[in-house]
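Asker: Sequence plus the predicted model coming up.
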Amino acid sequence: LAVTSGELLFVTGGNGSGKSTLIKLLTGLYRPEGGKIRIDQIELGVQSVASYRNLIATVFSDFHLFADLHGVDQIDPEEANYWLERFEISHVTAIRDGRFVTTALSSGQRKRLGLITAILEKRPILVLDEWAADQDPTFRKKFYTDILPDLKKRGMTVIAVTHDDHYFEMADRRIHLENGKLSEVTLDDPRGRI
């Protein structure tokens, strides 16, 4: 698997197909038992895993949201307010003194805060694991048709695990996992048997 800088890549597959294992490998949380992970032709090793992880912002399906924005050195209040408004939660929380005023929100709203934190980290790679699963249908559509294309336009590489087949066409590419085997899905072969 090769991921190109600035690409919007969707990862699909059924339960137990290997999606979570793949993204944990891609984020450097798991070490490969075989094969290699490279970034810009440099092989990832024990000494370089920490700097590699610093390139990646994540929101996993079982994430924990802290009130403090860890990993965000300088918070631009204007940018933070922009994202809070864009994610339609500026009426329920704010960012003051480097922390969210409240995180006592619905699970969908908490995931929005998690993604805002990831965006504010300004890392070149964003990995999302079933991010839209807790969103209402209206915001889910906004996420796929507005927010993800905007992040791509800003130069961010986005790797998103998703089951939302209504929005598969929004990705530059889609890879599918089945029984731990990876295949690329093309428009002319939607089953992904390449």
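Answerer: That came in fine, so what should we check first? Numbers count the residues shown, from 1 in each chain.

Asker: Can you name every helix or strand that the longest helix seen in the chain contacts?
Answerer: Secondary structure of the chain per DSSP state H: the longest helix is helix 107-120. Helices and strands touching helix 107-120, by 3 or more CB pairs under 8 Å, 6 or more residues apart in numbering; DSSP states H and E, are strand 56-59, helix 77-86, strand 125-129. In this view, the C-beta of every residue, glycine as well, is placed from N, C-alpha and C.

Asker: okay, those in JSON lines with mean neighbour count, distance to residue 98 and mean pLDDT next?
Answerer: Output for these, formatted as JSON lines (neighbours: other CB atoms under 10 Å; distance: least, CB to CB, whole Å; pLDDT from 0 to 100):
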{"stretch": "strand 56-59", "mean neighbour count": "22", "distance to residue 98": "17", "mean pLDDT": "92"}
{"stretch": "helix 77-86", "mean neighbour count": "15", "distance to residue 98": "10", "mean pLDDT": "93"}
{"stretch": "strand 125-129", "mean neighbour count": "23", "distance to residue 98": "21", "mean pLDDT": "96"}
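
Asker: ranges for the strands of the protein?
Answerer: Using DSSP state E, the strands found in the chain span residues 8-13, 38-39, 42-43, 56-59, 95-96, 99-100, 125-129, 157-161, 173-178, 181-185.

Asker: list the contacts for the closest residue in space to residue 83 that isn't next to it in sequence?
Answerer: Nearest non-adjacent residue to residue 83, counting by CB to CB, 6 or more residues apart in numbering: residue 116, 4.7 Å away. By CB atoms under 8 Å, 6 or more residues apart in numbering, residue 116 lies in contact with 80, 83, 84, 87.

Asker: Give me the distance between the longest helix of the chain and the centre of its chain.
Answerer: Helix 107-120 sits 11 Å away from the centroid of its parent chain (CA atoms, centre = their mean, to the nearest Å).

Asker: So which bits of that helix are buried?
Answerer: If you call a residue buried by 16 or more other CB atoms under 10 Å, then helix 107-120 has these buried ones: 109, 110, 111, 112, 113, 114, 115, 116, 117, 118, 119, 120.

Asker: cool, and stretch 131-149?
Answerer: Along stretch 131-149, these residues count as buried under the neighbour rule (16+ other CB under 10 Å): 131, 132, 134, 135, 139, 140, 142, 143, 144, 147, 148.

Asker: Then stretch 172-185?
Answerer: 174, 175, 176, 177, 178, 182, 183, 185.

Asker: Contacts made by the helix or strand bottoming out on mean pLDDT in the chain with the rest, please.
Answerer: In the chain, no helix or strand scores lower on mean pLDDT, DSSP states H and E than strand 42-43, which sits at a mean of 81. Identification of contacts with strand 42-43 by CB under 8 Å, 6+ apart yields 36, 37, 48.

Asker: Tell me which strands that strand pairs with, and in which orientation.
Answerer: Paired neighbours of strand 42-43 in the sheet (DSSP bridges): strand 38-39 (antiparallel).

Asker: what distance separates the strand it pairs with from the middle of the whole chain?
Answerer: Averaging C-alpha coordinates over strand 38-39 and over its chain gives two centres that are 18 Å apart (CA atoms, centre = their mean).
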